Every structure is written in structure tokens, then in C-alpha cells.
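Trainee: Show me the folded form of this:
(chains A and B)
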2 protein chains.
Amino acid sequence: MTGPVRQQAMRENNLGVVLRSIAEHGAVSRAAIAAATGLTKATVSSLVDELDRAGLVADGGAVGNVVGRPGQAVRLNPDGPVGVGLEINIDYLVCCVVDLAGHQRHLEVRLADNRTRPHGEVLDEAAELLAQGMRAAGRQPVAGLVAAVPGLVTAQRGALVAAPNLDWPELEVAEELTRRIGRSSPVVSVQNEANLAALGEFWFGGKPELADFIHVSGEIGIGAGVVVAGELFRGRHGFAGELGHVMVSVDGERCRCGALGCLEQVAGQEAILRAAGLPTTTGTSLGTPEGPLAQLVELARAEQSAAVSAIEQAGAALGVALAGMVNVLDPAAVVLGGMFAQLAPWLAGPVRAELDRRVLGARWTDLRVEVSRLGWEAAVRGAAGSVTRAIVRDPAEYLRGRTADIVAPWHCG
Amino acid sequence: MTGPVRQQAMRENNLGVVLRSIAEHGAVSRAAIAAATGLTKATVSSLVDELDRAGLVADGGAVGNVVGRPGQAVRLNPDGPVGVGLEINIDYLVCCVVDLAGHQRHLEVRLADNRTRPHGEVLDEAAELLAQGMRAAGRQPVAGLVAAVPGLVTAQRGALVAAPNLDWPELEVAEELTRRIGRSSPVVSVQNEANLAALGEFWFGGKPELADFIHVSGEIGIGAGVVVAGELFRGRHGFAGELGHVMVSVDGERCRCGALGCLEQVAGQEAILRAAGLPTTTGTSLGTPEGPLAQLVELARAEQSAAVSAIEQAGAALGVALAGMVNVLDPAAVVLGGMFAQLAPWLAGPVRAELDRRVLGARWTDLRVEVSRLGWEAAVRGAAGSVTRAIVRDPAEYLRGRTADIVAPWHCG
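Mentor: Here you go, the predicted structure:
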């Protein structure tokens, strides 16, 4: 609390307290919510009724209550509002739909080399995927649309200002997509894909206990998402987490960003494949069975030395860059995501070694190196999930119909 | 607001709202506080009376009120509680006293090479300085004692676990100092000196508008303090900001921390002095007139090439490390503190050049490179100020007499 508090604000606040309590407990009785939140049963009942009328909660069946008699439980409404997520990456597009309880209801992937075609064409296809996601939602209200993009996204306008790997011009992606899907839909919010991947892994990857971690998305580009005390850390302009452009080699190769010796040039997907003597083709990030990433994994499993040493060298460079980031941010864990999840059996060792060697506080902390469960799916899940998470966080804002604002947890500076 | 809100909590919250409003405005009438906070005049008067009885506010003279008639103003009480700050650094000790309004009431410095004597002796002298600070406070209540130390300090216990430059063992510094100054005094809190220097510069260095910045403390060691949205960023264990141990040269010299190529070995005070062909002696950090740091500055002013190039090389290395940190944290500014403030005329250029070259978002942000006003005084001012700032932030906690807890804004993880 930082400002003066009044009755209306208190009721709206408590609406969120109750909904979050339901989200935490699954199916739960009104009496148990009252006990958990410290609110009176009458207040809880009235708030639950309001949430029910808004379609946010549903009947959760019978549960034993505090005095042993069966009570009626409530839970998040699986047929309530949904979020639609989209990811535009270098070599694929993907769209998914997530409901209030976090379940994925729809997933569609398209492989395409988005570097070799005009950005207008990519945006057309992305809008088509979004429209399909909205149709897949059926009768459930679409509360928000969020797109993940591989580049710097401004906090204020959701504009993509730098995407070195796509080589796109400065572009109002949010506006472009909103225009394409039509005025009757909610506006599209845009966010950096590494940020959304961190949130996706946090929410849906079985890592709710981490709260303070760095999630590294290894794709053609390398980005990181930083979660601090359970919240996305975005920085002043929305540009935080650009791990791929941390220097790891003073006289290294020139990066697409213009600088020398960036991590991406040593540990990015194409750099690893080249070092292993493999081709670099479209759709590689997804590790499709016939693709070169799958081939690399197979060779490494067969202990082919070029493949293993390519991954290990990338791991050492990643470890050096991460050590700097850990020295600066002091998280509880580092999570290897994107293609790094698939390469973890050979990559995690060198990463760990550099962290142990270079992190000043390493001996006094139990820094964990974890592997992402969701891999490349993390960003799109995070995109869709950020909509439904925002509703649970602040139902009053959702009830005011401010769909464009419900992903506000991102906002910063 | 994240939890349920009730009446008592509301009054305590509003006590802080009123006190912070007074702190922001200087001398201000009750009517103006009511207008600024949205609270009723009756509520404001009652809360101001409570703050007055606690000695936190005082008569602020006559001011014009909203309808033009002269009203009675209140302001922070300059004769109210004070904070006592201490800094133990590698080559000096310093203590100061700061009042509620942020004015420094006492400052005492002692030069000493704290590496060459037993830590018990250093702590004895530090406790002596604290006792003198408390005596200097006179009749004003000492609300808290805070010590800045050059090393990793745990968030939970305030233990110094790693101080590579002092070469001290793991030490319960808070407990050691508390025991030495006696049971009747408030307990001593301990915090990393780079963190306190960032806060000191933020609060007292004329940079309140920054809110999101990295403050670099250049001394024998190099540390950084990260301020995000006006709050100190500490990390999960309290170890954030260890910029000195970020790698800047793959095959660089071995650092006291055990790793190779750390920034400290290229841009730390002794490294710069050595590169310039100057001796490294006690008290250098303070830039005392006869010391080698003052000599270095003099030589650089005379455009002596060894001196200038030693500083420029350090600046380039600092710029590379800071570029990584800016890529990851995306702040609004970088502040050159400690001895870097004195070296800024030659150092800031190379720092700026590396930031422009290596920060991915550089073209879309107006990243500022600022020079600390307080220099080496920032940490001790931040130490003392964190006590009085905590009172203004949460007067209810202070009124409960929980002096040990009032520096809680530090707490994390």
C-alpha cells in the first residue's frame, strides 16, 4: 500500500484477493477462502457471487468444509475468458489459446523462414493464425491477444524497434496486427519473446517455487527473461534481458547488432550448427525430427566429437555470459530454455563450471541450473497465459472491460 | 495492495502517506496535505498530531493556504530521530550522522590500511566511530545504526560472507559491532557498500529523478548498486551488483576472487595506478591531496600520456562490463561513483563509446552517463540515510519501536 485507501478500492482489491485464493487452491469452499484470506464469510460470498456473474468462477463440486459438513466449492471457470497467444520467431509462427485455469485449448504451428519474405507477408500469416485462435475459442470470450516477437519492444507503445535477426524495420507490430484482425477484436499487445518464455516456463513449466530466475531462450537469437519476486523484470524501456549481446570474446565475430564478440555469435543456433559442421535450415528451432537440431542431438548422443565439442564450447560461452548476469542479478536459478533445453545433457556441465568459477557468491548460494520443460513452446504459452493471469491478478480491471489494459503487469518505467 | 485491507492497517498506511507528503513538500499546511493526498482535513490533522507527538514533525512556520489566508505549516523535525552510518572500506573508515530531513550533522574519517591489521582491530575502531557518532547526535534519538562493508552481505543475517579485497573470514559483522557498542544501543544493520552508495547518491546526490540506474563504486574493489523504480535491487540472497567480477578479458589476470579476467583487475584503483606507473598506498580512495589518486588526476590534467591512457583503458573495460549490465537491466542511467567520479573527465568518454557500441537498445533510449556528486561519501551517507528514509517510509513501524526492522526496505527473497 502506498496511497490513501478508500472503500471502493478496498472492495476491488478484495475481489482480487478472493480470485487469487481460488486460483491457488483449485476447488475451494467459501468458508476455506474466508479462513485463508481473513475476510468475513459474508464478504467472501458476495465477492464470489460477483465473480460468478462475470463468468470467472464456476461450481467446483462438493468439498469437506472446516466443520466436516460437505460444502459447495468454487473454482476458476474453464469455460470463462481465454487468452490468445502468438509467437513470431525467425523460422516459425505459432498460436495457442489458454483458459483461466492455464490449460492449453489450441495450438497451431507453421514453419517458415521469416527472414526471406517481406514483413507484411509474415504479419498477414500471423493475423490469420490469431483469427484461427479466436475461432478455436468458440463461445468463450477472448479477453486479450498477445504476440511474442524476437526483438526490442518498447514498454509504452508495444513497437518493435530492433529485431537484428529478422532484419525488420522499426514497426508498430501491435497496431499492424490489430488492424489486420479487425476492429471488433481486442487490441493486440506485443512483448519480447524471451520475456514471455520466462513467464510461460514460470507459470506452466512446473517452476512456481523459483520466483527469482533467469530464463535463457536459445534460438537463432539468444534472449533472456528475468523474473524477480514472481514478476517480469522489464527495465526502464522494456529492453531488459538482452543476454545475446553480452560480450564473451573481446575480438570475436561481428554480430548482426553491429558489435563484436556477442554471445549470440558463439552460442546461437546457427553458430553451434556451423561449429558442428551441420546445415542451418528453416524450422530448426523446433527440433523437428528431420531438422539439423535433431541431427545435432543424435550425433551428440552417439558421442560424435565435433557435435559434442560444438555444444560444449557454446555452453562455456553461455556460462561466462550467465556468470556476469548472475553476479549482477543474484537469482535463485538459471533455466536453460528453447533449444538449450534439448542440448542440456552436454551444455549444462560447461555452464555450471563457469558459474561455479565466476560467480562471486557461488559458494554461499545454492544456485540451480534447471532445464525448461516447455522448450520452444514457452513463449507462446506465456503470451496467452499473460492474459488469463492478468484477469486473476486484477479482476476489477477485467470487469471494467479494459481488455487492452489487463496485461498491465508488464508496464514499467 | 495485495492482501485484505482493514481499518487499523489503513490508519497506519495513511500515517505514512501524510509523512511522505510532508517530506516531499518541505514546509506544508495541513490543508495542502489533504489536497495532495485526498484524505479529509480532519484525518490529516489527527495524523499530523500523532506524528508531532512522536517527534517526527515540527512547526514549519506560516504559509499561504488554499484560500489565501495564512496557515500553520509542518515539516520534518530536524531535531527528531537521526541515523548513524558507518563505512568500513579497504583503506579507510568513516562515520556520519544524518537527520530526518537528510542533512549531515557529523562526519569523521580515519585513514588506515584495513588489509594489514587483524579484523578485530578494525571492528574495534569502527565501533569507536559509531559510539562517537551516537554522542554527536546529542539529545536526538538514534533510530538506527547501519554499516557499509566491501563484500557480500547476506540478506537474512547481515553476515559478511565474502570480502576478497579485505581477505576477512566469514564474519557476523552486525553482531560483532552490536556487541562492541553495547546492549543499550540499537542493533547495527550491515549492508554492501556499493548498494548503500547507490542509495546515498540517489537520495542526497541530486538525482531523485533517475529512479532506475546503476551506480558504480570504483575503489580498490569495484561494485555496483542497482536502483529500480526508486528501490534498491538486492537479488535473492542480497548479492546483486557484483560488477567487479564480470569478465572483460577471456585470458586476463587472476582476480582475488579466484576467477580470470575480472573487471576489477583492469579497472580497479590499484590496476589503474600500476598502469600509470604510480604507487598504491593507504587512503588512496579518498583522493587525499598528497595521495597517488590526486597525483594521477594531476598528471592526466597535464595530459601525461601514461596517466591518460591508464584511465582510458580502464574506461573501455568498464564500458564493456557496463554494456553487458545495461543490456540485461535496461536502466535510465549509469552513474560513475567513488574514484570514477574524479577520473570522469578521461573515463566517461571510453565508457560512453562502449555503451553506444554494445548496448542493443542504445539508439532507442537516452541512456545517460552521469558523474556522482558525493564520490566516496555516497556509501556512508546512504548508510545513515537509510535509517531516516525508513522512518519516513513507514512511521508506524518506527512508532512500534522496532528500530531493528526499520531498514526493512533492503529485505528481499
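
Trainee: wait, residue A:353 sits on residue A:319?
Mentor: Yes - using CB atoms under 8 Å, residue A:353 makes contact with residue A:319 at a distance of 6.5 Å. From N, CA and C alone the C-beta is placed, and that goes for glycine too.

Trainee: Between the two, which is the more surrounded one?
Mentor: Comparing residue A:353 with residue A:319 by neighbour count (other CB atoms under 10 Å in any protein chain shown), the higher total belongs to residue A:319, at 28 against 14.

Trainee: residues touching the residue of the stretch 251-400 of chain A found nearest chain B, list them.
Mentor: Per CB to the nearest CB, residue A:330 is where the stretch 251-400 of chain A lies closest to chain B, at 2.5 Å. Residue A:330 sits next to A:212, A:361, A:365, B:234, B:235, B:236, B:237, B:238, B:239, B:240, B:241, B:242 when contact means CB atoms under 8 Å, 6 or more residues apart in numbering or on different chains.

Trainee: Near chain B, which residues of the stretch 101-250 of chain A? Just list them.
Mentor: Taking CB under 8 Å from any CB of the partner chain as the criterion, the stretch 101-250 of chain A approaches chain B at residues A:152, A:154, A:161-162, A:164, A:212, A:224, A:226, A:228-229, A:233-243, A:245-250.

Trainee: Show me the longest helix that occurs in chain A.
Mentor: helix A:305-329 (DSSP state H).

Trainee: what's the next secondary structure element after that helix?
Mentor: strand A:333-338 (DSSP states H and E).

Trainee: hmm, who's touching that next one?
Mentor: Contacts for strand A:333-338 (CB under 8 Å, 6+ apart): A:197-198, A:201, A:205, A:207, A:210, A:212-219, A:285, A:322, A:326, A:343-344, A:347-348, A:351, A:355, A:367-372, A:374-376, A:378.

Trainee: just checking, which of those belong to strands?
Mentor: Members of the contacts of strand A:333-338 lying in strands (criterion: DSSP state E): A:213, A:214, A:215, A:216, A:217, A:218, A:368, A:369, A:370, A:371.

Trainee: What's the separation between the fifth one and chain B?
Mentor: Same thing as residue A:217. 14 Å (CB to the nearest CB, to the nearest Å).

Trainee: Enumerate every residue touching residue A:311.
Mentor: Counted by CB under 8 Å, 6+ apart, residue A:311 has contacts A:272, A:276, A:296, A:300, A:343, A:346, A:347.

Trainee: Tell me the buried residues in the helix or strand harbouring the fourth one?
Mentor: Read it as residue A:300. Taking DSSP H and E as the definition, residue A:300 sits inside helix A:292-301. Residues A:292, A:293, A:295, A:296, A:297, A:299, A:300 are the ones in helix A:292-301 that count as buried (16 or more other CB atoms under 10 Å in any protein chain shown).

Trainee: Now for the spatially closest residue to residue A:208 that is not a sequence neighbour, how many residues are close by?
Mentor: Leaving aside its chain neighbours, residue A:208 sits nearest to residue A:202 (6.9 Å; criterion: CB to CB, 6 or more residues apart in numbering or on different chains). Number of residues near residue A:202 (other CB under 10 Å) recorded here: 26.

Trainee: sec struct for the closest residue to residue A:114 other than its chain neighbours, please.
Mentor: Nearest non-adjacent residue to residue A:114, counting by CB to CB, 6+ apart: residue A:122, 4.9 Å away. State at residue A:122, reduced to three classes by DSSP: H, G, I helix; E, B strand; the rest coil: helix.

Trainee: how far away is residue A:122 from residue A:129?
Mentor: For residue A:122, the distance to residue A:129 equals 11 Å [CB to CB, to the nearest Å].

Trainee: Compare these two (neighbour count), which wins?
Mentor: More crowded of residue A:122 and residue A:129, by other CB under 10 Å: residue A:129, with 23 against 18.

Trainee: State the distance from that one to residue A:153.
Mentor: Taking CB to CB, one finds residue A:129 at 19 Å from residue A:153.

Trainee: same deal with residue A:311?
Mentor: Residue A:311 is 30 Å from residue A:153, by CB to CB.

Trainee: Residue A:363 too?
Mentor: 37 Å.

Trainee: quick one, which of those two is more surrounded?
Mentor: More crowded of residue A:363 and residue A:153, by other CB under 10 Å: residue A:153, with 28 against 12.

Trainee: Having no further points to raise, I will conclude here.
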